[in-house]
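> no sequence on this one, just coordinates:
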């Protein structure tokens, strides 16, 4: 469960972005789970999978930076990449925020790639 006192944003995606900006990757992945579960429950499979991708992007970064498990990162990051194209196919409120989140995940991931190359 995430610490609700840290977050002041109105939407889950805004809280997710804020968590990424602050390096709270483990909490970040929890922030979209309610929406992910809701979309699964109502049969909106593509929306659920698009969110699953973002959740896995944050999870991969948590594995790398917080848990110090680079092999776990290597298994989970591809799930983010796999579902990223679904953002193009679904209708989401504040869709630009979901794109912003994905760009931020890529930006943070650049540091991981640098560390793997060294």
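Looks like it came in fine. Note that this is a predicted model, so its numbers are computed, not measured. Numbering: from 1, shown residues only.

> So which residues of the chain form helices?
For the chain, the helices defined by DSSP state H occupy 12-21, 25-31, 33-41, 45-61, 70-83, 95-117.

> Adding distance to residue 89, mean neighbour count and mean pLDDT, write the ones you listed out as JSON lines.
Yep, even glycine has a C-beta here, placed from its N, CA and C like the rest. Formatted as JSON lines, these follow (distance: least, C-beta to C-beta, whole Å; neighbours: other C-beta atoms under 10 Å; pLDDT from 0 to 100):
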{"stretch": "helix 12-21", "distance to residue 89": "17", "mean neighbour count": "21", "mean pLDDT": "95"}
{"stretch": "helix 25-31", "distance to residue 89": "22", "mean neighbour count": "22", "mean pLDDT": "91"}
{"stretch": "helix 33-41", "distance to residue 89": "13", "mean neighbour count": "15", "mean pLDDT": "96"}
{"stretch": "helix 45-61", "distance to residue 89": "6", "mean neighbour count": "23", "mean pLDDT": "98"}
{"stretch": "helix 70-83", "distance to residue 89": "10", "mean neighbour count": "16", "mean pLDDT": "97"}
{"stretch": "helix 95-117", "distance to residue 89": "11", "mean neighbour count": "14", "mean pLDDT": "93"}
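
> Put together CSV for those, with distance to residue 5 on each row.
Formatted as CSV, those follow (distance: least, C-beta to C-beta, whole Å):
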stretch, distance to residue 5
helix 12-21, 12
helix 25-31, 12
helix 33-41, 18
helix 45-61, 20
helix 70-83, 28
helix 95-117, 22
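
> Pick out the residue nearest the middle of the chain.
Against the mean C-alpha coordinate of the chain, by C-alpha atoms, centre = their mean, the closest residue is residue 54 at 3.0 Å.

> contacting residues for it?
The contact partners of residue 54, taken as C-beta atoms under 8 Å, 6 or more residues apart in numbering, are 16, 32, 80, 98, 101-102, 105.
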